[in-house]
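S.K.: After the sequence you'll find the predicted model.
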Amino acid sequence: MTFQFNTHSPTRPAVAMALAGASIFLAACASFPPPTEQMAVSTAAVAHAVNAGGGQSAPAEMRSAQDKLARANTAMAGKDYNRARSLAEEAQADAQLAEAKTHSMQSQKAVEQLQEDDRVLREETDRKNKPAPAPRT
């Protein structure tokens, strides 16, 4: 048994209209909610990186994080929540990178200081353990 659809049926435009209406309804339901939690997390990450010294150790990353956070706030005000979330996530990543670079630089400085302290200690130890010159006769 074969089914044939009547393409000239008056119900075809009604079905098309129903599908179009359902598509619009689903698109409206799928709109993005305000990313308030992500905005708070990103703001805290930027502040934490600043407090860690990111502005001095990783200025490019900090500028990028602060710029993206400002743009995310602008997008939030304009109710462009998808863009706001994306920018806030990028700002968080940039801030975390700045903080990581800061900690890395601080660790490297600590290692260099320890190496210098070790060198000075060895020199003192070598000088103290150096045999006294033999007396002249």
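M.R.: Yep, it's here.
S.K.: low-scoring pLDDT stretches of the protein, where are they?
M.R.: By pLDDT under 70, the weakly predicted segments of the chain are 1-30, 137.
S.K.: Show me where it has its helices.
M.R.: Under the criterion DSSP state H, the chain contains helices at 11-29, 36-52, 54-57, 59-77, 81-129.
S.K.: Please enumerate residues in contact with stretch 92-107?
M.R.: By Cβ atoms under 8 Å, 6 or more residues apart in numbering, the residues outside stretch 92-107 that reach it are 38, 41-42, 45-46, 48-49, 52-54, 56-58, 61-62, 64-65, 68. Where C-beta positions appear, they are placed from N, C-alpha and C, glycine not excepted.
S.K.: What subset of those residues is buried?
M.R.: Among these, those scoring as buried are 38, 42, 45-46, 49, 52-54, 57-58, 61-62, 64-65, 68 (criterion: 16 or more other Cβ atoms under 10 Å).
S.K.: I'd like the distance between the residue sitting nearest the centre point of the chain and Arg71.
M.R.: Nearest to the geometric centre of the chain sits Ala93, at 0.7 Å (Cα atoms, centre = their mean). Relative to Arg71, Ala93 is positioned 14 Å away (Cβ to Cβ, to the nearest Å).
S.K.: Kindly report the same for Phe32.
M.R.: On the measure of Cβ to Cβ, Phe32 and Arg71 end up 16 Å apart.
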